[in-house]
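Asker: Structural data only, the sequence is not supplied:
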């Protein structure tokens, strides 16, 4: 509302009052637009990061499956388990040793067979796991995949 004494005063005072009200309204509107923009940006960024994490986890599952398939084929065809992951590459059971998509390094955790049977052969690799610390999006540990 416009105060009654402003209506009786000069035109300059009246327009000064109107401009102050307009400025206040413009600042409130700008703050609202900025708040909504920040909220939308945050939601998009979070969903992007979740999508990237799910993609990395999917790649990890595929890599582990390829390692396990290569280890099984190597062991069944050669009669002995591979001694290193490089043996799988050399024998062409896998193309190359990929980096762990979670840690982005080639630091796989190799599980060796127990040396319970007294044979002349070394135990060899029976499984490969991720060396990534922490939990996956489904709550399980990466190191147990």
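Answerer: Structure's in. What do you need? Keep in mind it's a predicted model, so treat the numbers as computed, not measured.
Asker: Below-threshold pLDDT in this structure: ranges please.
Answerer: Applying pLDDT under 70 to the chain flags the ranges 1-9, 115-121.
Asker: Strands along that one, start to end?
Answerer: 109-112, 125-129 (DSSP state E).
Asker: What is the burial count for residue 142?
Answerer: Residue 142 has 19 neighbouring residues, counting by other Cβ atoms under 10 Å. Any C-beta I mention is one placed from the backbone N, CA and C, and that applies to glycine too.
Asker: contacting residues around the closest residue to residue 127 other than its chain neighbours?
Answerer: Leaving aside its sequence neighbours, residue 127 sits nearest to residue 111 (Cβ to Cβ, 6 or more residues apart in numbering; 3.9 Å). Residue 111 makes contact with 125-129, according to Cβ atoms under 8 Å, 6 or more residues apart in numbering.
Asker: so how far is residue 36 from the spatially most central residue of the chain?
Answerer: Against the mean C-alpha coordinate of the chain, by Cα atoms, centre = their mean, the closest residue is residue 53 at 2.5 Å. Distance, residue 53 to residue 36, using Cβ to Cβ, to the nearest Å: 26 Å.
Asker: Repeat that for residue 51.
Answerer: Taking Cβ to Cβ, one finds residue 51 at 23 Å from residue 36.
Asker: Kindly report the same for residue 109.
Answerer: Taken as Cβ to Cβ, the span from residue 109 to residue 36 is 46 Å.
Asker: And these two? Which one has more around it.
Answerer: For residue 109 versus residue 36, neighbours defined as other Cβ under 10 Å are more numerous around residue 109 (13 against 10).
Asker: quick one, helices of the chain?
Answerer: Ranges of helices in the chain, per DSSP state H, are 4-8, 11-78, 85-90.
Asker: roughly how far is the last one from the heart of the chain?
Answerer: Spelled out, it's helix 85-90. 28 Å (Cα atoms, centre = their mean, to the nearest Å).
Asker: Alright, calling it a day.
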